[in-house]
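Asker: Let's see this in three dimensions:
(2 chains)
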Amino acid sequence: MKRLYQALSALSLAALVLAACAPAATPTPQVIRETQIVEVPMEVVQTQVVEVEKPAEQTVVRLSGWASSPSETALLESLLYKFSVENPGITVKYEPITGDYKQALLTAIASGTEPDIFYMDIFWWQELAKNEVLLPLDDLMASTGTQKADFIPALIDAFTFDGKVYGIPKDFNSLGLFYNKALFAAAGLAEPTDDWTWDDLKAAAAALTDASDPNKPVYGLGVPADPGRFPIFAFQNGGGIMTDDYSDTVLDGDAAVGGGEFYAAFKADGSGALPSDVGEGWQGTVFGKGQFAMVYEGGWLIPYLRDQFPSTQYGVVLPPAGPGGEGNLIFTVAWGVSANTKNAEAAWKVVDFLTNAASQQQVLESGFALPSRVALKDSDYLKNNPAASAIFRGSLEGARPFFWGAVGSDVNDQMAKALERVYKEGQSVRDAFGEGATQIREAIQSQ
Amino acid sequence: MSTLARPGSAARSKRFTEAVTGYLFLSPWLFIFFTFIVFSLGWAVYLSFTRYNLLRPPEWWGLEGYQRVLTDDLFLEKALPNTFKYVLVVVPLQTIVSLVLAFAMDQQLRFRRVFRTIFYLPSVTSSVVISLIFIWLFAAQGVVNQIIGISYDWLGEVGTAFYIIMGMNIFTTSGTLMLIFLAGLQDIAPAIYEAASIDGASKLQQFLFVTIPMLRPVIFFVVTVGVIGCFQVFDQLYVMTRGGPLDSTTTVTYLIYKWAFQDTTIKMGQASALAIILTLIILAVTLLQRRVIEGSGAAAD
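Answerer: I've put the predicted structure just below:
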C-alpha cells in the first residue's frame, strides 16, 4: 500500500512538473487536472486522494446498480478505477441506488433520466426489452470481438430476447446444500456428497433434529416459504413452475405438488423449520448460529458466514437429486445499456471491461458471486474453494433461471402464500397449490 | 394603468397594485401548490383512464382500469375490508384514548408537564423507527415473548399481525390528538364548570355533559383527521409486514403501491384508478361524519 501511494504521489508530482513546463503561449491548457477520490478495496478501506491527468474532452457515462454490501460496492469501484486508468477519455459516474432499485430505475426511465448502464435482474429484465428501452448489444459485441460463446450459455441465453442479446451477465449464483460439519459429526452422520438423493436428505434431517434444549432447538433443514428456494423441489421432481413459453403455470401439476409435499413434510414432521420459528428473518443467520443443520442457499452465504460466523464449519454440495433428477435455480444480474444513451460505444466499453476475463477473475476471488465467463471454469480459485465450486457446478446440471414471465411477482407471491397456507392453516399442498395456480392464471389473463 | 385623473381610477389602480403584490407574495407557495398538488392530482386522474407501465407512453383505456379494480379479488376480499376494519378499530380507540389523556393532563396533577412530554414523544418519532421498535418487541424471540414466556410470532400470524399494527398506530397518534384536545379543553370557560358544579354536577357528569358537547368541533376535527390518516395507512405496513401474512395486512394504499411499483408488469393506470376510488371513499365518509357529528349538535355551537 505504501509503495502504491509513493508511486502515485510521484506520478502526481510529475504531473505538476509537466503542467508547469507547459508553454506559456498556449492560452487554454489542453489538460485539466481533476482531483478524484478513489477508494481502493483492501482489508481496511483507505481513502486516497489521487491526482490524475485527463484530456479536456470527456465522454461521461453514468452507471447505476444497487449496493448490496459495502465490499461489493468497493469491488465495483476498484474495477471502475482500473477502467478509468486504461480509458482516460471516458469518465464513469457511478450512481448507486439504495432502496427499491427497480422502482427507482423505472421512474428514471419514464422521465428519460436513466443512467447509460444499469443492473438488470433476471427476474424482471424482459419487461425492459419488451418495451424497447434497451439497446441490443450484438453489433457492439461484434465491434470488440466479444463472443456469445465466451459466456456460460444458460446465462447469456437468459438475457437474449427475440434473438438479440440485451444484457451481459455480470455474475451469477445457484443454490447449494450448505451443511454444518459439527452437527453432522455430533449426530454421527457421514457428510453429504454430490450424489445424495431426497432419501438421504430426509433421513439426515430427521437424525440431525434435536429439540432437547428449548432455548436452542436444532432442526435438520430450513424450509422457508420462499419462492426462491422451493421451486428446485418441483424441478427435482421432474416438473416446473411455468410452462416453457410462460403462458401458463404448472404449479398445480403432479410434479410440483409432489415436490411441495416433500418440502412441506419437513416442517410437518418437525425435522424442518422456518427461520421465523427460531426468531430470525433469514435462514442464513439460523445456519450460522447452528440451529439449522442444512440450508439451501446461494454463494452469498459464503462471505456472510466468513464475516458473521467465522467459527461455523460448513461444507457445500450440489442439491440432492429427486425422482426427476437434478434441479437448481440460477440467479443472475446483467449489465444493460439504455436505448437512449448518447454514448453507446463508450457505454459498451465499460460493460465489456467489467465483464472481461480479468474483471471476472476479480469478481470470483471476492467470493460474492460467480463469474459468467466459461473460461474461468477451470480456475485455480474454484479448485481451491470447494464451496464456491459447488455453487458454480450447480449452474450446469438441471438449473433453470429464476424467471417466471410477465407475471413473475404474482407467481412468487402465490408460491409463498400457498406454502404459508400449508404451514399456518394446515391446508393440503394440492389444494394450496391449486388455489395459487388459479390466481396465477387470473393474473396472466388480466395482462 | 392610466394616471389620468378620473374619479375612482386611483382607487381601482390601488386595488390592482395591492392584488398584484398579494399574488406576488403568494407566488412561491402557489408555484409549489400547482406543481406538486394540482398538476400531480390532475395527472393521476388522467392516468387512471389509461394503461401505463412506465416504460411506454400512457395509452387511453377508458374505464377498463376502474372495472379491473372493482373486479379484483385482492381488492374486494382483502384490501377494502382490511382498510375499513382498520378505520373502525383505530379511529374510535385513538379518539377515546387521546380524549381521556387530554382530560387527565388538564387536571392540576403533579408532573403533568413531564407526562405531556412522555405522551407526545411517540408522535415526534419517525413512524419507521417506531415500526422497527415494534418489530423487535413482537418478534418470535422479542421482548414481549420474553416477558410473558411464550414463543409466538405476533407479526407472522394472520390472527395478530394487523392488530399489532393497529395498536402501534393508536400508540403513536394519541399524543398529537391529545394536544389538540388539550387546546380545545383549555378553550372551555371555567365559568361553565363552576355553574355546573353549583348545580350539583359530579366530575363525571361534568365530563359527559359539559366537556364533550363543548368539544364537538374539536372532536369532529380529530375524527376527520383520524379517518383520513387511517384510510391512508401505509408506512407501518410497508416496514412491518409488507401486506403479509397471507394478505391479512394488505390495505388499499398498500395495494396501490403493489400495483404501481412492485409487480413485474407495472400497472400504473390501474393503481391510479384505485387511488381515485380511495379519494372518493374518503370524501364520502368525511361528508357523512360531518352530518353525524355536526348535524346532531348544532345547538352546542
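
Asker: so the residue of chain B found nearest chain A is in which element?
Answerer: Per CB to the nearest CB, the residue of chain B with the smallest distance to chain A is B:Gln141, at 3.1 Å. From N, CA and C alone the C-beta is placed, and that goes for glycine too. Using DSSP states H and E, B:Gln141 sits within no helix or strand.

Asker: Do I have it right that it meets A:Ser276?
Answerer: No - the pair B:Gln141 and A:Ser276 fails to qualify as a contact (CB atoms under 8 Å) at a distance of 9.9 Å.

Asker: For burial, what's the neighbour tally of the residue of chain B closest to chain A?
Answerer: 14 (other CB atoms under 10 Å in any protein chain shown).

Asker: next one: B:Tyr238
Answerer: B:Tyr238 has 16 neighbouring residues, counting by other CB under 10 Å.

Asker: which SS class is it?
Answerer: helix (DSSP: H, G, I helix; E, B strand; the rest coil).

Asker: Show me the chain divided up by domain.
Answerer: Assuming you mean chain A. A:59-173+A:331-384, A:176-220+A:274-312, A:225-270+A:406-447 (automatic domain parsing).

Asker: that's the wrong chain, I wanted chain B
Answerer: B:2-48, B:72-300.

Asker: With distance to A:Ser78 added, can I get those domains in JSON lines?
Answerer: Formatted as JSON lines, the domains of chain B follow (distance: least, CB to CB, whole Å):
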{"stretch": "domain B:2-48", "distance to A:Ser78": "41"}
{"stretch": "domain B:72-300", "distance to A:Ser78": "32"}
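
Asker: Next up, the contacts around the closest residue to chain B within the stretch 51-200 of chain A.
Answerer: With CB to the nearest CB, the shortest gap between the stretch 51-200 of chain A and chain B falls at A:Asn131, namely 3.6 Å. Under the criterion of CB atoms under 8 Å, 6 or more residues apart in numbering or on different chains, the contact list for A:Asn131 reads B:53, B:55-56.

Asker: how near is A:Arg306 to A:Ala110?
Answerer: Between A:Arg306 and A:Ala110 the distance, using CB to CB, to the nearest Å, works out to 40 Å.

Asker: For the nearest residue to A:Ala182 once chain neighbours are set aside, grab the count of nearby residues.
Answerer: Setting aside the residues directly before and after it, A:Ala182 is nearest to A:Gln313 in space (CB to CB, 6 or more residues apart in numbering or on different chains), at 5.7 Å. Here the count is done by other CB under 10 Å, and A:Gln313 has 15 residues near it.

Asker: what residues are up against A:Gln313?
Answerer: A:180-182.

Asker: could the residues you listed be laid out in JSON lines, adding secondary structure and distance to A:Ala206?
Answerer: Shown next, in JSON lines, are the contacts of A:Gln313 (DSSP: H, G, I helix; E, B strand; the rest coil; distance: CB to CB, whole Å):
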{"residue": "A:Asn180", "secondary structure": "strand", "distance to A:Ala206": "16"}
{"residue": "A:Lys181", "secondary structure": "helix", "distance to A:Ala206": "19"}
{"residue": "A:Ala182", "secondary structure": "helix", "distance to A:Ala206": "18"}
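
Asker: Now, of the residues you listed, which are buried?
Answerer: A:Asn180 (16 or more other CB atoms under 10 Å in any protein chain shown).

Asker: Quick one: name the residues of chain A near chain B.
Answerer: A:100, A:102-103, A:106-107, A:109-110, A:123-124, A:127-128, A:131, A:133, A:276-279, A:405-410, A:417, A:420-421, A:424-425, A:439, A:442, A:446-447 (CB under 8 Å from any CB of the partner chain).

Asker: In contact with B:Val128, which residues?
Answerer: B:235, B:239.

Asker: Any figure for the gap between it and B:Ile212?
Answerer: 35 Å.

Asker: tell me the secondary structure for the residue nearest in space to the middle of chain B?
Answerer: In chain B, the centroid-proximal residue (CA atoms, centre = their mean) is B:Gly229; its distance is 1.4 Å. Following three-state DSSP, the label given to B:Gly229 is helix.

Asker: wait, doesn't it sit right on B:Ile170?
Answerer: No - with contact defined as CB under 8 Å, B:Gly229 does not reach B:Ile170; the gap is 11.5 Å.

Asker: can you list the weak-confidence ranges in the chain?
Answerer: In the absence of a named chain, chain A is used. A:1-56 (pLDDT under 70).

Asker: You answered for a different chain; I wanted chain B.
Answerer: Using pLDDT under 70, chain B drops low at B:1-8, B:294-301.

Asker: Which residues of it lie near chain A?
Answerer: Near chain A, when you scan chain B using CB under 8 Å from any CB, you find B:53-56, B:68, B:73, B:139-142, B:151, B:153, B:156-158, B:244-247, B:261-266.

Asker: hmm, back to that, how much space separates the residue nearest to A:Ala182 from A:Arg306?
Answerer: Taking CB to CB, one finds A:Gln313 at 12 Å from A:Arg306.

Asker: Could you do B:Ser27 as well?
Answerer: For B:Ser27 relative to A:Arg306 (CB to CB), the value is 59 Å.

Asker: for A:Ile168, helix, strand, or coil?
Answerer: Under three-state DSSP, A:Ile168 comes out as strand.

Asker: Now the closest residue to chain B within chain A. Nearest residue, chain neighbours left out?
Answerer: Nearest to chain B in chain A, going by CB to the nearest CB, is A:Gly279, at a distance of 3.1 Å. Among residues not flanking A:Gly279 along the chain, B:Gln141 sits closest, at 3.1 Å (CB to CB, 6+ apart).

Asker: mind listing what the residue lying closest to A:Gly270 once chain neighbours are set aside touches?
Answerer: With sequence-adjacent residues excluded and distances taken as CB to CB, 6+ apart, A:Gly270 is closest to A:Thr209, at 6.3 Å. Residues counted as contacts of A:Thr209 (CB under 8 Å, 6+ apart) are A:218-220, A:270-271, A:293.

Asker: Check A:Ser359 too.
Answerer: A:79, A:82, A:353.

Asker: in the stretch 151-300 of chain B, which spans are helices?
Answerer: B:161-187, B:190-198, B:203-206, B:212-214, B:216-231, B:235-240, B:252-257, B:268-296 (DSSP state H, counting those that start in this stretch).

Asker: so what does the shortest one touch, helix or strand wise?
Answerer: Counting contacts by 3 or more CB pairs under 8 Å, 6 or more residues apart in numbering or on different chains; DSSP states H and E, there are no secondary-structure elements packed against helix B:212-214.

Asker: Show me what counts as buried in it.
Answerer: Per 16+ other CB under 10 Å, helix B:212-214 contains these buried residues: B:Met214.

Asker: to the chain's geometric centre, what's the distance from it?
Answerer: Centre-to-centre, helix B:212-214 and its host chain are 23 Å apart (CA atoms, centre = their mean, to the nearest Å).

Asker: And for the second one?
Answerer: Centre-to-centre, helix B:190-198 and its host chain are 35 Å apart (CA atoms, centre = their mean).
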